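> Quick one: sequence and predicted model below, then my questions.
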Amino acid sequence: MMNNAPGSPHPGATPNPNPNPNPPAVQAKNLTVTRGPRKVLHNLAFTVPRGQITGLLGPSGCGKSTLMRSIVGTQAKITGTLDVLGHPAGHPTLRTRIGYVTQAPSVYDDLTVRQNLDYFAAILDPGRSAADRRAENVTRAIADVDLTTHTDALAGNLSGGQRNRVSLAVALLGTPELLVLDEPTVGLDPVLRRDLWNLFHDIATSRGATLLVSSHVMDEAERCHRLLLMREGELLADDTPDALRTRTTTETVEEAFLHLVDEANAASHPKETTR
Ligand SMILES: Nc1ncnc2c1ncn2[C@@H]1O[C@H](COP(=O)(O)OP(=O)(O)OP(=O)(O)O)[C@@H](O)[C@H]1O
């Protein structure tokens, strides 16, 4: 897991000559990404508004992690436009403004929760003069993820869900404006999943932060303000759950997704007509 997006702007990303004073959290146009020999994202165009939870949903292998890596600036071979908080993805100014939690929680098992946080805080905000601020930020981040009672527990002795929350706490250390969370609820029981989603809503509401959360569990879509539905490197929809259900005359986002898949299949393989 990393807290911030490193690296320089992608050579393929086109800088915006007229910056919007209040740009969306993410704006993509003609975004294409190649991994190995093949294109894994095809000409994506979408907007992630600020202060909301946008769900990135689609089956395993459809390109969710690749898109998230592109947004945080760790993905190579990008073409098109990908602006994040008004800058080309990967721009150095974004480093302290984005929190990124990868699928596998990378916490140090032989350190306590607080020691893990202290370690990452020292990287983010180094120097003796920042010691008090760091200690405050660490205490706050531990409280944010509801792990105060486990502050001195070894990370190796925590449950999978608790370890996920330590990773999330690390991402929250720098009070990021944009949090990118790659399948944060995978493998969690329903109670922990619910608690984590409540925490996401709390972060969006109380801090005005933007969250981009990926999942391949469609019922989690109902918890998002907006959805990006993906399949095979393409975007099937960029809309609210309500609008998706209405547009497809379905009851659930899962049914809406299946409807859109059928529509896309019909469009790409039109029935042969006989003469
Ligand atoms: N290092 C790589 N080299 C080549 N292709 C890759 C590489 N990593 C991923 N891919 C391919 O890119 C596509 C998108 O992968 P990605 O990990 O973005 O999907 P995903 O939707 O996040 O999947 P999951 O939900 O299983 O994590 C897949 O077809 C995958 O096989």
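Received the coordinates, thanks.

> Now do V191: how many residues are near it, please.
Other residues lying near V191 total 9 when counted by other CB atoms under 10 Å. In short, each C-beta sits where N, CA and C put it, glycine included.

> what about it, distance to T151?
For V191, the distance to T151 (CB to CB, to the nearest Å) stands at 22 Å.

> just the strands in this structure please.
Along the chain, the segments classed as strands by DSSP state E run 26-35, 38-48, 53-57, 78-84, 87-88, 98-101, 178-181, 210-215, 226-231, 234-239.

> now check the longest one, is it near the ligand?
Yes: in this structure, strand 38-48 sits against the ligand according to CB under 6 Å from any ligand atom; the contacting residues are V40.

> Now do the contacts for the residue lying closest to L188 once chain neighbours are set aside.
Using CB to CB, 6 or more residues apart in numbering and skipping residues adjacent in sequence, the residue nearest L188 is G161, 4.8 Å away. Applying CB atoms under 8 Å, 6 or more residues apart in numbering, one finds that G161 lies in contact with L188, D189, L192, L196.

> that older thread, would you reformat the strands of the chain as TSV and include distance to R140?
Compiled in TSV, the strands of the chain are given as follows (distance: least, CB to CB, whole Å):
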stretch	distance to R140
strand 26-35	26
strand 38-48	25
strand 53-57	21
strand 78-84	25
strand 87-88	27
strand 98-101	14
strand 178-181	15
strand 210-215	18
strand 226-231	28
strand 234-239	33
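
> I'd like to know which of these is closest to L124.
Closest to L124 of the strands of the chain is strand 98-101 (CB to CB; 10.4 Å).

> tell me which strands and helices that closest one is in contact with?
helix 64-72, helix 160-172, strand 178-181 (3 or more CB pairs under 8 Å, 6 or more residues apart in numbering; DSSP states H and E).

> what residue is smack in the middle of the chain?
The chain has V180 as the residue nearest its centroid, 2.6 Å off, counting by CA atoms, centre = their mean.

> Test my guess that that one contacts V72.
Yes: V180 sits in contact with V72 when judged by CB atoms under 8 Å, with a separation of 5.5 Å.

> Name the residues contacting each of these two.
Between them, V180 and V72 share the neighbouring residues I98, Y100, with contact defined by CB under 8 Å, 6+ apart.

> which parts of the stretch 51-200 of the chain sit against the ligand?
For the stretch 51-200 of the chain, the residues found near the ligand under the criterion CB under 6 Å from any ligand atom are G58, S60, G61, C62, G63, K64, S65, T66.

> Swap in 5 Å and give it another go.
Proximity of the stretch 51-200 of the chain to the ligand (CB under 5 Å from any ligand atom) is limited to residues S60, G61, C62, G63, K64, S65, T66.
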